[in-house]
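Q: Coordinates for the following, if possible.
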Amino acid sequence: MFRRKLPSNASGSSMAPECVDERRASIGPEQPLTAPTLTAKRAPPRALAGATALQILPALNDDSSVRGALEISGALLRAGARSLIASDAGPLVNEFEAQGSEWIAFSNVHVNRWNLLRAADALENIINAERVDIIHAFGASGAAAARAVCDRIPLRMMTSLPDELARRSWFDNQRQGPLTRGERTIVPSAFMATALIKQYDIPHDRVVVIPPIVDTVRLDPVSVRPDHTNKLRGVWGIRSDERVCLAPGPVLSSSGHVTFVDAVRVLVNGGLQGAVFVIPHDDQSDPKQMRLVAERTAAQGVEGLFRFSDLPADRSTLSAADMVVVPAIEPPMQARVVAEAQALARPTIASTIGVLPERLLAPPRVMNTLRTGWLVTPGDSVSLARAISEVLALDAATLFALGVRARQFAEATFSPQSVAAATLAVYTSVLGGG
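A: Numbers count the residues shown, from 1 in each chain. Below is the predicted model of the structure:
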């Protein structure tokens, strides 16, 4: 049975009884305990086996960053390390504990200049009591507390930035600074790394690019059920002989869906037949922009070729597509759908902007025979139409080979095993003082 730690806070409630008694004798029984527990100094391990690793997260909610931490925890345990999680509660607590990790309640969502000392004291109590060797912080508040502790005692520290960023304001927000103050900072893209280094003047060798995790097991084309796909295509009113070109949302002024509509007009002018264009959207879509895109289809005379779906761009929706298009005209907040489409062996077209070029293989990065998708000029409807036309013209054998390459690229780059292995390499480097 795996033990669940009692909550720890600045009052020192998790300290060993003998430490509590000694300190009460010196400060009096009625005063709160705020200073951290002291332990003897020890030489930190230089390898994962036998080390104690503490991941700090805001809460164990079911989202991509927590799922990533869950995979890392499992990899740490398999490497012979002890895995601790400090966070608020959440629905994934049981999953962490079931694999052998130990959860410690540690509230760190709203750490600020007024309560930083209290949070740091609570965290230092945990670190001393559990003999932690390395910290991995996933949120700015937790990283601030961890940095404060590392300024007091010898301790290894690394951080991870999330895959999804607030548009335009992330790197201007100095509250994210603590995430740049680890011995290594893991970022999900080279695009983000460049902005981070420029904003915070971080040495290049302290920043490591590791792509986000995609569930390649769930997104396996072999597991796609044709009856489910056919049912969804039926809901969209698409015949079995028609190809589906899907441009996922959210639909925003920056998402390029107007360019997508204009590209379809170019294709129709060139004699397009046998294709239908689907725009799934979600609650993050801008209703005003949705109306604008719908009006554009009417103005271009192609409204009969479009389907607007209120289903999210999930496994079922992507599985029903013959190709996936991400026509962004500004850097998107995240590009996970590009990786997910390739995991499902779908040809993918994306704009050469932001992180998108990093998420697929296309010339000039690779030879044409090794591509897994196409890159197009942002906002250029002719360039987009040309790429869509090339995909529609592929014969069955070429399309199958491209899908195999896309799946292999997704497994090698985004699978939980690949990302966890790359992250463990960072742990090893930091522990070794590299």
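Q: how near is residue 378 to residue 263?
A: Separation of residue 378 from residue 263 (CB to CB, to the nearest Å) stands at 12 Å. All C-beta atoms are positioned from the backbone trio N, CA, C, and that covers glycine.
Q: anything in contact with each of those two?
A: Residues touching both residue 378 and residue 263 comprise residue 327, with contact defined as CB atoms under 8 Å, 6 or more residues apart in numbering.
Q: And the pLDDT for residue 112?
A: Taken from the predicted model, the pLDDT recorded for residue 112 is 81.
Q: what secondary structure does it sit in?
A: Assigned with DSSP: H, G, I helix; E, B strand; the rest coil, residue 112 falls in the coil class.
Q: For it, which non-adjacent residue is spatially closest?
A: residue 141 (7.8 Å; CB to CB, 6 or more residues apart in numbering).
Q: Verify the assumption that that neighbour is located in a strand.
A: No. Looking at residue 141 with three-state DSSP, it is helix, so not inside a strand.
Q: if I look at it, how far off is residue 203?
A: When CB to CB is the yardstick, residue 141 and residue 203 sit 24 Å from each other.
Q: Also residue 274?
A: For residue 274, the distance to residue 203 (CB to CB) stands at 54 Å.
Q: The nearest residue to residue 210 once chain neighbours are set aside in helix, strand or coil?
A: Ranked by CB to CB, 6+ apart and with sequence neighbours excluded, the top spatial neighbour of residue 210 is residue 422, at 4.7 Å. Assigned by three-state DSSP, the conformation of residue 422 is helix.
Q: same check, this time on residue 54
A: Classification of residue 54 using three-state DSSP returns strand.
Q: Correct me if wrong: it contacts residue 82.
A: No. Residue 54 lies out of contact with residue 82 (CB atoms under 8 Å); the separation is 9.2 Å.
Q: tell me what the biggest helix by length in the chain is packed against?
A: When the chain is scanned for its longest helix (criterion: DSSP state H), the result is helix 396-414. With contacts taken as 3 or more CB pairs under 8 Å, 6 or more residues apart in numbering; DSSP states H and E, helix 396-414 sits against helix 336-343.
Q: Repeat the analysis, applying 10 Å as the threshold.
A: Helices and strands touching helix 396-414, as assessed by 3 or more CB pairs under 10 Å, 6 or more residues apart in numbering; DSSP states H and E, comprise helix 336-343, strand 373-376, helix 381-392, helix 416-431.
Q: what sits against the residue nearest the centre of the chain?
A: In the chain, the C-alpha nearest the mean C-alpha coordinate belongs to residue 163, at 3.7 Å (CA atoms, centre = their mean). Neighbouring residues of residue 163 by CB atoms under 10 Å, 6 or more residues apart in numbering: 63-65, 68, 187-189, 192, 211-213, 333-336, 355.
Q: Can you tell me which of the helices and strands packed on helix 396-414 is most buried?
A: For those, the stretch with the most neighbours on average is helix 336-343, a mean of 26; neighbours defined as mean count of other CB atoms under 10 Å.
Q: Kindly format the C-alpha coordinates of that one as CSV.
A: The C-alpha atoms that make up helix 336-343 are tabulated as CSV, following Å, rounded to 0.1, in the frame of the first residue of the first chain:
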residue,chain,number,x,y,z
ARG,A,336,-1.0,19.8,-30.4
VAL,A,337,-3.6,19.0,-33.1
VAL,A,338,-0.8,18.8,-35.7
ALA,A,339,0.9,16.0,-33.7
GLU,A,340,-2.4,14.3,-33.0
ALA,A,341,-3.3,14.2,-36.7
GLN,A,342,0.1,12.6,-37.6
ALA,A,343,-0.3,10.1,-34.8
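Q: Outline the domain layout of this protein.
A: In the assignment given by automatic domain parsing, the structural domains of the chain cover 27-213+416-431, 221-414.
Q: follow-up on the earlier one: which ones are touching the residue nearest to residue 210?
A: Listed by CB under 10 Å, 6+ apart, the contact set of residue 422 reads 75, 186, 208, 209, 210, 211, 413.
Q: Surely the fourth one is in contact with residue 184?
A: If I follow you right, that is residue 209. No. With contacts counted by CB atoms under 10 Å, residue 209 stays clear of residue 184, the gap being 11.1 Å.
Q: The two: which is more packed in?
A: Set residue 209 next to residue 184 and count neighbours by other CB atoms under 10 Å: residue 184 wins out with 20 against 15.
Q: what about the closest residue to the more buried one other than its chain neighbours, helix or strand, and which?
A: With CB to CB, 6+ apart as the measure, residue 158 is the residue that lies nearest to residue 184, at 4.4 Å, once sequence neighbours are left out. When elements are defined using DSSP states H and E, residue 158 is found to belong to strand 156-160.
Q: Within the sheet, what are the partner strands of that strand, with directions?
A: Based on DSSP bridges, the strands next to strand 156-160 in the sheet, each with its direction, are strand 134-137 (parallel), strand 184-187 (parallel).
Q: Give me the local confidence score for the residue lying closest to residue 281 once chain neighbours are set aside.
A: Taking CB to CB, 6+ apart as the measure, residue 281 lies nearest to residue 249, with 3.8 Å between them; neighbours along the chain are not counted. pLDDT recorded at residue 249 is 83.
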